[in-house]
Structure formats: C-alpha cells, structure tokens
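Asker: sequence unknown, structure follows:
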C-alpha cells in the first residue's frame with residue numbers, strides 16, 4: 001500500500017517521499033506547484049523522484065484547498081497513510097498575503113482531514129511549526145508549553161491545525177501526529193530561508209541581511225534528521241487507549257518537536273558559510289522583523305522517548321553539505 005504525501009514538490013515533502021520510496025514504499029504525491037518561490041526548483045525535485053523511482057512515485061498536480069478537486073484527483077488512488085506536509089510557508093509572507101494562509105493552511109488542512117476520515121487512514125501525520133511558540137521566553141521549547149500567543153498569522157494557522165486535528169482525533173478516533181519543525185535546512189532547501197539567502201549573497205558579493213543585527217539564535221535542523229523523525233512517527237501511530245499522549249491529548253493524537261536540540265548563534269552559521277564558500281561576507285545589520293523571534297530551541301525529549309529520535313547532524317557538517325549541493329545545483 002502507498003503513502004500519500006502532500007507538498008511532494010516542496011523541500012520536506014520531496015525529501016520525505018524520497019526516503020519512503022528508498023525503503024520500498026510506494027508514494028502518491030500531491031502539490032499545486034505554486035509560485036511562492038521558483039517553480040523550476042519544485043519541478044527539479046519531482047524529476048529527481050520520477051527519474052529514480054519511476055512509476056512507484058505517482059504525482060498529481062492539484063490544490064488540496066479545493067475540496068472537489070482533491071476528491072476527484074484521488075479517485076482511484078490507493079493509500080493507507082497520509083503525510084500532510086503541504087502548506088503555505090513563510091512567516092513574513094503571511095503578513096503580506098494572509099488569505100493564502102487561510103486557504104492552504106486552514107481550508108486545505110480540513111480537506112485533508114476529511115480525506116483521511118473518508119479513507120479510514122491508518123495514520124495522519126501533519127506538519128506544524130516551531131512558530132507556534134511565539135515569544136515564549138522558556139527555552140528550550142517544550143510540547144507542554146502554552147502556545148496561545150502567536151506572533152504571525154502563519155503561526156496562528158499552524159496552532160489552529162493542531163486544534164482542529166485534536167477535535168478530529170477526539171470525535172472520530174483518527175490516529176494523528178503533529179510535528180513542530182525547527183528551522184529545517186539542507187540540500188534541495190527553500191530559497192526564502194536564511195541558509196539559501198546567505199549563500200546566494202556570498203556568491204554574488206551582496207550584503208547578508210542580518211535582522212536584529214545578527215543577534216539571533218536558531219535550532220537549525222538538517223533535513224535528513226527531520227525525515228528520520230517523520231518516518232519514525234509515521235510507523236508508530238498513537239494508540240486509542242485513553243492514555244495521555246505527548247502534547248497532552250487523551251485522544252489518539254500526539255504532538256512532537258523535531259529539532260536538533262541545539263540553539264546556534266546566527267553569526268556562527270555565517271562563519272561556516274564563509275568557510276564553505278571561500279567568500280567573505282558583507283554584513284547588512286537590520287532591525288528585527290515583525291513576527292520574528294530572537295531564539296528557538298527544541299526540547300525533543302518526548303519524540304526521543306516515544307520514537308527513539310536522535311538528530312545526528314551538527315551545523316559543522318550540515319552547512320558545508322548544503323553549500324556543496326547549492327554549488328552543484330547552480331553549476332558553480
């Protein structure tokens with residue numbers, strides 16, 4: 001039986017699909033390939049999957065925010081689990097275009113829950129975000145922490161997805177797992193993320209935009225570690241036993257942080273990028289952006305306890321790997 005992966009042309013989605021296919025699973029991939037960033041990168045990710053795995057990877061171009069379209073598109077497709085990684089991403093873009101987030105992250109999430117309910121999915125794994133922690137001053141962030149004060153609409157939609165999922169788990173006893181990702185980076189990454197923006201600027205001799213003057217810390221998590229966590233949780237759905245799950249639910253619904261469990265100084269990342277590119281950074285200190293936070297760090301004790309998740313890639317290893325891929329992708 002296949003796994004349905006949404007956001008299959010995206011960074012985490014394509015990487016997750018690759019890992020599922022590599023271990024022998026078949027994958028049905030969905031994506032609308034919008035132009036939030038260059039669709040050519042999304043097409044390249046899909047071509048990589050199709051080239052290597054052939055018809056074991058079936059791709060469907062569709063917008064899962066359109067209920068009728070998604071239902072029709074999946075007619076005749078067999079799958080027993082859903083990994084819902086598709087979403088409108090980006091904190092800052094949510095300030096400029098809130099409607100896109102309501103459609104994709106709220107309406108789309110509900111549509112995918114209805115697909116899972118109609119199909120009797122074995123497990124529904126979905127992407128949340130470290131953004132739900134808002135301006136939380138307690139570091140590291142724990143899944144038990146209250147997350148009632150989002151600093152961006154993007155964060156608010158992700159918190160809403162968790163609440164909606166909790167209601168589905170309670171009403172329909174659907175096994176679900178929400179994953180709060182922390183600053184994912186690595187090969188095939190997103191052009192709107194700092195790692196790509198900084199690397200591009202270094203090669204072009206352009207200034208690096210350093211918000212809050214570069215005085216920020218992030219829990220940078222390498223893509224291979226993220227995917228390992230996604231697959232580990234996918235393979236072990238929460239049980240419908242009335243016991244309290246990670247995140248506090250008594251329904252079959254668990255919430256986990258997936259991070260590197262290390263808060264790294266942004267300027268240390270800049271230094272590693274300088275070393276990997278052989279370029280000296282020009283710095284452009286800027287004020288803090290609306291919706292942004294000073295520091296993130298994941299407490300991963302819950303996913304470590306329940307799924308034996310242990311990230312293994314430090315930024316000293318991961319940053320040069322990203323730069324190597326970036327150079328190859330751009331023929332530098």
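Answerer: Looks like it came in fine. Model, not experiment: these values are computed from the prediction.

Asker: pLDDT below threshold where in the stretch 201-332 of the chain?
Answerer: Across the stretch 201-332 of the chain, residues meeting the criterion (pLDDT under 70) sit at 291, 332.

Asker: just the stretch 1-150 of the chain next, same as before
Answerer: Nowhere does the stretch 1-150 of the chain drop to pLDDT under 70.

Asker: give me that answer again for 80
Answerer: 1, 90-95, 135 (pLDDT under 80).

Asker: all strands of it, in order?
Answerer: Using DSSP state E, counting those that start in this stretch, the strands of the stretch 1-150 of the chain run over 2-6, 26-31, 57-61, 81-84, 123-129.

Asker: now the ones you listed in TSV, with mean neighbour count and distance to residue 19?
Answerer: To be clear about C-beta, it is placed using only N, CA and C from the backbone, and glycine gets the same treatment. Formatted as TSV, these follow (neighbours: other CB atoms under 10 Å; distance: least, CB to CB, whole Å):
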stretch	mean neighbour count	distance to residue 19
strand 2-6	26	10
strand 26-31	24	10
strand 57-61	18	12
strand 81-84	26	10
strand 123-129	25	13
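
Asker: okay, the ones you listed in TSV with distance to residue 323 next?
Answerer: Below are these laid out as TSV (distance: least, CB to CB, whole Å):
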stretch	distance to residue 323
strand 2-6	27
strand 26-31	26
strand 57-61	28
strand 81-84	28
strand 123-129	25
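
Asker: can you count the residues close to residue 8?
Answerer: The number of residues packed around residue 8, counting by other CB atoms under 10 Å, is 29.

Asker: where does it fall, phi/psi-wise?
Answerer: phi -70, psi -20 (degrees, to the nearest 10).

Asker: please name the nearest non-neighbouring residue to residue 117.
Answerer: Take residue 117 and drop its neighbours on the chain: the residue closest to it by CB to CB, 6 or more residues apart in numbering is residue 172, 5.6 Å away.

Asker: ugh, typo on my part, it should be residue 216
Answerer: residue 266 (4.6 Å).

Asker: ditto for residue 317
Answerer: In space, residue 317 comes closest to residue 222 once its chain neighbours are excluded; the distance is 7.6 Å by CB to CB, 6+ apart.

Asker: the one you found: neighbouring residues, count only.
Answerer: The number of residues near residue 222, taken as other CB under 10 Å, comes to 23.

Asker: that one reaches residue 311, doesn't it?
Answerer: Yes: between residue 222 and residue 311 there is a contact at 7.2 Å, judged by CB atoms under 8 Å.

Asker: name the residues contacting each of the two.
Answerer: The contact sets of residue 222 and residue 311 overlap at residue 260 (CB atoms under 8 Å, 6 or more residues apart in numbering).

Asker: helices of the stretch 101-250 of the chain, start to end?
Answerer: In the stretch 101-250 of the chain, the helices defined using DSSP state H, counting those that start in this stretch lie at 108-119, 153-172, 194-204, 223-234.

Asker: quick one: closest of those helices to residue 279.
Answerer: Nearest to residue 279, of all the helices of the stretch 101-250 of the chain, is helix 194-204, at 4.2 Å by CB to CB.

Asker: report how many residues lie close to the closest residue to residue 187 other than its chain neighbours.
Answerer: Excluding its sequence neighbours, the residue lying closest to residue 187 (CB to CB, 6+ apart) is residue 325, at 3.6 Å. Residues near residue 325, counting by other CB under 10 Å, number 15.

Asker: return the set of buried residues in stretch 83-99.
Answerer: 83, 84, 85, 86, 87, 88, 89, 90, 91, 93, 94, 98 (16 or more other CB atoms under 10 Å).

Asker: sorry, slip of the keys, the one I care about is stretch 177-191.
Answerer: 177-190.

Asker: just stretch 253-265 next, same as before
Answerer: By neighbour count on 16+ other CB under 10 Å, the buried set for stretch 253-265 is 253, 254, 255, 256, 257, 258, 259, 260, 261, 262, 263, 264.

Asker: among the residues you listed, which lie within strands?
Answerer: Counted as lying in strands by DSSP state E, out of the buried residues of stretch 253-265, are 253, 254, 255, 256, 257, 258, 264.

Asker: let's have those residues in TSV, adding distance to residue 46.
Answerer: Below are these laid out as TSV (distance: CB to CB, whole Å):
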residue	distance to residue 46
253	31
254	30
255	30
256	28
257	29
258	24
264	31
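
Asker: so how far is residue 145 from residue 134?
Answerer: Separation of residue 134 from residue 145 (CB to CB, to the nearest Å): 10 Å.

Asker: those two - which one has more neighbours?
Answerer: Comparing residue 134 with residue 145 by other CB under 10 Å, the one with more neighbours is residue 134, at 21 against 15.

Asker: touching, that one and residue 151? I think so.
Answerer: Yes: at 4.7 Å, residue 134 and residue 151 qualify as touching, with contact defined as CB under 8 Å.

Asker: can you tell me how far the nearest residue to residue 195 once chain neighbours are set aside sits from residue 258?
Answerer: Spatial nearest neighbour of residue 195, chain neighbours left out: residue 185 (4.3 Å); criterion: CB to CB, 6+ apart. According to CB to CB, residue 185 stands 13 Å off from residue 258.

Asker: who touches both of the two?
Answerer: Here residue 185 and residue 258 share the contacting residues residue 221, scored by CB under 8 Å, 6+ apart.
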